[in-house]
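In: quick one: sequence plus predicted model below, questions after.
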Amino acid sequence: MMKTKTFLISGIVGGVANWLLGWLFYGILFASFFPQPEESANTMILILLGCVTYGLFISFIYNKWAQISTAASGAKAGAVIGIFTALYYGFFGLAMNTEMTYEMFAVDIVITIVMTAITGAVIAAISGKLN
């Protein structure tokens with residue numbers, strides 16, 4: 001049985017971690033490689049909401065279905081989720097975004113795998129401590 005408190009806390013913290021990782025990877029390390037959105041408070045709020053939603057999605061999987069509660073198992077499962085998420089988003093990006101290149105597609109896959117693995121580790125570690 002899933003504990004709502006554990007699901008929410010680990011998901012929100014994981015989402016914020018994902019947001020900070022996105023800022024690091026896309027906003028700093030690869031800022032010149034990927035097109036940057038116009039900076040506005042609304043943009044950052046929407047990106048944060050998207051990251052928290054992603055964190056809650058991963059937390060739901062870990063807490064409801066998989067009972068993943070260690071950083072190591074969370075990182076492994078996160079990497080797998082990251083692969084599929086990156087491929088899903090990347091294929092649509094290639095089809096719909098004329099600015100996206102195959103090189104950007106490949107780099108984004110690697111970044112998403114790393115970010116989701118770390119996010120998954122955070123979510124699992126927090127879930128393990130709260131259970």
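Out: Yep, that arrived. Here the structure is a predicted model, which is why all the values come from computation and not from measurement. Numbering: from 1, shown residues only.
In: C-alpha only now, for contacts and for neighbours.
Out: Fine.
In: show me what the longest helix out of those in the chain is packed up against.
Out: In the chain, ranked by residue count with DSSP state H as the criterion, the top helix is helix 102-130. If contacts are counted by 3 or more C-alpha pairs under 8 Å, 6 or more residues apart in numbering; DSSP states H and E, helix 102-130 sits against helix 4-22, helix 41-60, helix 71-96.
In: report the central residue of this structure.
Out: Against the mean C-alpha coordinate of the chain, by C-alpha atoms, centre = their mean, the closest residue is Thr116 at 4.4 Å.
In: any figure for the gap between that residue and Val122?
Out: Distance, Thr116 to Val122, by C-alpha to C-alpha, to the nearest Å: 10 Å.
In: rewinding a little: among the helices and strands packed on helix 102-130, which comes closest to Lys129?
Out: Closest approach to Lys129 among those (C-alpha to C-alpha): helix 4-22, 9.1 Å.
In: so what does the closest one touch, helix or strand wise?
Out: Here helix 4-22 touches helix 41-60, helix 102-130, going by 3+ C-alpha pairs under 8 Å, 6+ apart.
In: give me the angle between the shortest one and helix 102-130.
Out: Note on geometry: by axes from the mean of the first three to the mean of the last three C-alpha atoms, to 10 degrees, helix 41-60 and helix 102-130 are set 60 degrees apart in direction.
In: list the buried ones in helix 41-60?
Out: Within helix 41-60, the residues that count as buried by 16 or more other C-alpha atoms under 10 Å are 48-56, 58-60.
In: now render these as CSV, adding distance to Gln67.
Out: What follows is those, written out as CSV (distance: C-alpha to C-alpha, whole Å):
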residue, distance to Gln67
Leu48, 26
Leu49, 25
Gly50, 24
Cys51, 22
Val52, 20
Thr53, 19
Tyr54, 18
Gly55, 15
Leu56, 14
Ile58, 11
Ser59, 10
Phe60, 10
